[in-house]
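**Q** coords please:
(one chain, ligands or ions: 1)
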Amino acid sequence: MTGATEQQSSTEASETSPHQGGFRADFEVTTERGGPSYGEMVEQVRTFMDKVRYASPTPELADEVIEDLKKLNAKLDTTLVDEWTSPSGTRIDLPSRGNITLPPYEVRNGGPEGVDAEVIFRRFHLGGNGVAHGGHVAVAFDDLGGMAAALRAGRPARTAYLTVNYRSLTPLETPLVLRTWVHEHDGRKNFVRGTLHDGDRLCAEMDALFIELRPGQA
Ligand SMILES: CCCCCCCCCCCCCC(=O)SCCNC(=O)CCNC(=O)[C@H](O)C(C)(C)COP(=O)(O)OP(=O)(O)OC[C@H]1O[C@@H](n2cnc3c(N)ncnc32)[C@H](O)[C@@H]1OP(=O)(O)O
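**A** Residues are numbered from 1 along each chain as shown. Here you go, the predicted model:
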């Protein structure tokens, strides 16, 4: 817990942070924050999480890995910034904009008509019996549904509700097609639908409401 508290206190927004309310006022897209190796760093962490999910280390190896991780965490402690200036979530040249908490996806097409992305659920997204955890499927829909709403509205939107219907099993380590689009909008309300396919097979569907934020809205 000590580590978590220290980390929070060193990532508070600075007075000059360029944001209003709950989201960035103007969504900042970058390709340079974090440098040319940032994507590979995130990818190596994902690979590590894949291995942690399936590893059964000896006590000695677990202790060794803990010591290595403490050293890595100490290295990153020297570089922590607030959420508005972190590369994570802004790097449009990287899968999921460099956001390690999202299932990695690549947008093939995105605009006011909707978003078409390829997503891969990794080994660490395992729910059970070799397939993806439903919560991770919902996370992918949330981010790409929010993107469809934002691209249509031209400003950020926040999820008011999100329903996922799980139609068939969602495989791991398989390129899947996730599509989202605003099928209806009314004032600040964007009713967004989405589908997730493995080839021709429908894995899941989404029905969600994203509300455009007013300037300065928390
Ligand atoms: C290339 C780069 C592009 C960049 C893309 C970036 C992508 C990033 C994507 C990231 C995505 C990640 C996204 C995330 O994960 S966002 C995180 C998860 N969501 C939240 O935490 C939201 C918490 N809730 C709120 O903040 C407020 O309640 C919101 C903002 C949603 C609405 O509070 P607000 O005060 O603003 O609005 P209002 O209450 O006057 O309501 C307005 C209208 O809406 C209707 N209503 C409200 N709620 C519901 C409901 N549940 N069902 C049905 N209807 C509902 C309401 O009746 C009214 O209708 P009407 O009377 O006008 O007809």
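**Q** so residue 168 is in which element?
**A** Taking DSSP states H and E as the criterion, no element holds residue 168; it sits outside all helices and strands.
**Q** er, residue 60 actually
**A** In the assignment (DSSP H and E), residue 60 maps to helix 59-77.
**Q** tell me the mean pLDDT for that helix?
**A** Mean pLDDT, computed over helix 59-77, is 98.
**Q** and if you look at stretch 151-167?
**A** 96.
**Q** got the end-to-end distance for that stretch?
**A** Taking C-alpha to C-alpha, to the nearest Å as the measure, stretch 151-167 stretches 27 Å from start to finish.
**Q** buried stuff in that stretch?
**A** 151, 152, 153, 155, 156, 157, 158, 159, 162, 164 (16 or more other C-beta atoms under 10 Å). C-betas here are computed from N, CA, C, even on glycine.
**Q** The last one contacts residue 205, correct?
**A** Yes: Residue 164 is within contact range of residue 205, at 7.2 Å (criterion: C-beta atoms under 8 Å).
**Q** burial measure for the residue in the chain that the ligand sits nearest to, as a count.
**A** Closest residue of the chain to the ligand, C-beta to the nearest ligand atom: residue 146 (2.4 Å). Using other C-beta atoms under 10 Å, residue 146 has 22 other residues around it.
**Q** 38 is where my numbering starts, stick with that
**A** I'll keep to 38 as the first residue from here, and by that count the last item is residue 183.
**Q** tell me the contacts of it?
**A** With contacts defined as C-beta atoms under 8 Å, 6 or more residues apart in numbering, the neighbours of residue 183 are 193, 194, 195, 196, 247.
**Q** and the two most separated of these?
**A** Spatially, the most separated pair among the contacts of residue 183 is 193 and 196, at 11.1 Å (C-beta to C-beta).
**Q** tell me which parts of the protein are close to the ligand?
**A** Listed as neighbours of the ligand in the chain under the rule C-beta under 6 Å from any ligand atom: 64, 66, 129, 179-180, 183-184, 187, 195-198, 224-226, 246, 248, 254.
**Q** Surely residue 143 touches residue 129?
**A** No: contact criterion C-beta under 8 Å: residue 143 and residue 129 do not qualify, at 10.5 Å.
**Q** Helices along this structure, start to end?
**A** Using DSSP state H, the helices assigned to the chain run over residues 39-46, 75-91, 96-114, 171-190.
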